Structure formats: structure tokens, C-alpha cells
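Asker: Sequence first, predicted coordinates after that:
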Amino acid sequence: MSNPAKTSSTNAWLSLLLAGVFEIGYALAVGGSEGFTVLTWSLVAVVFFLLTLYALSLALRTIDVSIGYAVWAGIGAVGAAVLGPLFFDETLTPAKGIWLAVIIAGVIWLKLADRTKPEAAPVPRTEPVADRAGALRV
């Protein structure tokens, strides 16, 4: 039988990954909209914007906002920087690549930091308890 908490966490991270993909689509569509003057790109941007916010909101039900938002923004930034040159007249220099690798490393470390804490050990009882003879013990 699967652990419901682990399933919930996995689903949250999948929602966050999907939100990041939608964020990439949004960023690229905004770039193609030329200041929302190109109707098709503008409509695509609005759709991706709504999808990314919805998926992000699902993820943040389980993932801390500080971690979720940073990961989401990191995915969007890296994706837009890597795919921007494919769609637009942009460049991806080695220096940009190094700093994008730093963002990716940060996203990975944030994911590792979000591991659930182990359950605390039960606290021993301190109230008096009667033994079989009726004597109170602590």
C-alpha cells in the first residue's frame, strides 16, 4: 500500500514541474506577443498564464511557498533562457550557461531541502501510574 503523504508530495512536485513548463510557455509567448500587439501570441500567453497559476496553486497546497515559488521561477527562467534562442533572436553564451547551471543546482538543492522531517519519537509519560498493587509510580 502506498504512503498517502508521499503520494501527495509526489503529486505536488509533479504539479510544480508542470507549472514550470507552463511558465516557460508563458514567457516565450509574451516574448512573441511583442508587447501584446500580436493577437495569437497574446492569447497563447494568457492561456499559459492561467495554466501556470493553476498548477502552481495546486503545488503550493503541499510545498512551502518559499521553496515552490523559487523552483517554479527557476524552471521558468532556465527554460526561457534555453528555448529563447530557438524562437527569437537571442543568444545563449557560455557565461549565461554557467549561471543557468547555478540556478539548476539551486532548484535541485531546494527539492532536497523539502524532504519531510522524520516523525518525532514519542514523549515518555510523566504522570503517575498505579501498579498492580495500587501504588503510584512515576
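Answerer: Perfect, I can see it now. Numbering: from 1, shown residues only.

Asker: okay, CA-based contacts and neighbour counts for the rest of this
Answerer: Will do.

Asker: which residues in this structure form helices?
Answerer: 4-32, 39-59, 65-87, 94-113 (DSSP state H).

Asker: now these as a markdown table including mean neighbour count and mean pLDDT?
Answerer: Formatted as a markdown table, those follow (neighbours: other C-alpha atoms under 10 Å; pLDDT from 0 to 100):
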| stretch | mean neighbour count | mean pLDDT |
| --- | --- | --- |
| helix 4-32 | 20 | 92 |
| helix 39-59 | 19 | 98 |
| helix 65-87 | 18 | 93 |
| helix 94-113 | 14 | 90 |
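
Asker: do you know how far Asp114 is from Trp72?
Answerer: As judged by C-alpha to C-alpha, to the nearest Å, Asp114 and Trp72 stand 14 Å apart.

Asker: Equivalent analysis for Leu43, please.
Answerer: With distances taken as C-alpha to C-alpha, Leu43 is found 22 Å from Trp72.

Asker: How many neighbouring residues does Asp64 have?
Answerer: 11 (other C-alpha atoms under 10 Å).

Asker: Phi and psi next, for it.
Answerer: Backbone geometry at Asp64, expressed as degrees, to the nearest 10, gives phi -60, psi 140.

Asker: Could you measure from it over to Ala12?
Answerer: If you go by C-alpha to C-alpha, the gap between Asp64 and Ala12 works out to 10 Å.

Asker: which residues do these two both contact?
Answerer: Residues touching both Asp64 and Ala12 by C-alpha atoms under 8 Å, 6 or more residues apart in numbering: none at all.

Asker: Could you find the closest non-adjacent residue to Val82?
Answerer: Among residues not flanking Val82 along the chain, Leu92 sits closest, at 7.0 Å (C-alpha to C-alpha, 6 or more residues apart in numbering).

Asker: Ramachandran angles for the one you found?
Answerer: When quoted as degrees, to the nearest 10, the phi and psi of Leu92 stand at phi -120, psi 100.

Asker: hang on, isn't it packed against Gly79?
Answerer: No - using C-alpha atoms under 8 Å as the test, Leu92 is too far from Gly79 to be in contact (11.7 Å).

Asker: Fine by me, we can end here.
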